[in-house]
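Peer 1: what would the 3D arrangement of this be:
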Amino acid sequence: MEPLTTGLLIALMVASFYFLIIRPNKKRQADAARLAETMTPGTRVMLNSGIYGTVSEVGERQVRIEIGPGQQVLVLKQAVLQVITPESQFAEDAVFGGTVAPGDDDHDGLLERGLQDPPADDVDPRDGENRKG
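Peer 2: A predicted model of the protein is given here:
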């Protein structure tokens, strides 16, 4: 090969490496930084696992999220997939047919929207018969 062709090939490889690897990583880091800035106490979020919750505390690397009345989990900030807004693709009204306001402890309406009560401890979930009798 000619030296010019070899030089052009190396330049093309470097440019490809930049546009395929470095640039997307910088964009992901910028998106993560923007997400971290918008997480404040009271913000509704969805975790990577699909769990919805309300941010109650924000630390340097971790976030404490209330997932139910009196139930809190401590997760890394990277575990937060998205801040939930009414316009987001993961808005809760698309899942349940209604919205749950931040800090709303009244979850009785969930049963009306299709979620069921957990089985009682004394009933065998396989056949529905009473275990104690």
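
Peer 1: okay, helices next: where are they in the protein?
Peer 2: Taking DSSP state H as the test, the helices found in the chain are 3-17, 23-38, 92-96, 109-112.

Peer 1: including mean neighbour count and mean pLDDT, could those helices go into JSON lines?
Peer 2: No exception for glycine: its C-beta is placed from N, CA and C like everyone else's. Converted to JSON lines, those look like this (neighbours: other C-beta atoms under 10 Å; pLDDT from 0 to 100):
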{"stretch": "helix 3-17", "mean neighbour count": "10", "mean pLDDT": "91"}
{"stretch": "helix 23-38", "mean neighbour count": "11", "mean pLDDT": "86"}
{"stretch": "helix 92-96", "mean neighbour count": "13", "mean pLDDT": "46"}
{"stretch": "helix 109-112", "mean neighbour count": "12", "mean pLDDT": "46"}
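
Peer 1: figure out which of these is closest to Ser49.
Peer 2: Counting by C-beta to C-beta, Ser49 lies closest to helix 92-96 out of the helices of the chain; the figure is 14.2 Å.

Peer 1: between the helices of the chain, which one is closest to Ile51.
Peer 2: helix 92-96 (11.7 Å).

Peer 1: quick check: Leu81 vs Val63, distance?
Peer 2: Plainly put, Leu81 is 12 Å away from Val63 if you go by C-beta to C-beta, to the nearest Å.

Peer 1: now do the shared contacts for these two.
Peer 2: With contacts defined as C-beta atoms under 8 Å, 6 or more residues apart in numbering, the residues shared by Leu81 and Val63 are Val45.

Peer 1: in stretch 70-77, what's buried?
Peer 2: Val75 (16 or more other C-beta atoms under 10 Å).

Peer 1: run through who's touching that stretch.
Peer 2: 32, 35-36, 39, 47, 51, 53, 56, 61-67.

Peer 1: out of those residues, list just those in strands.
Peer 2: 47, 53, 56, 62-67 (DSSP state E).
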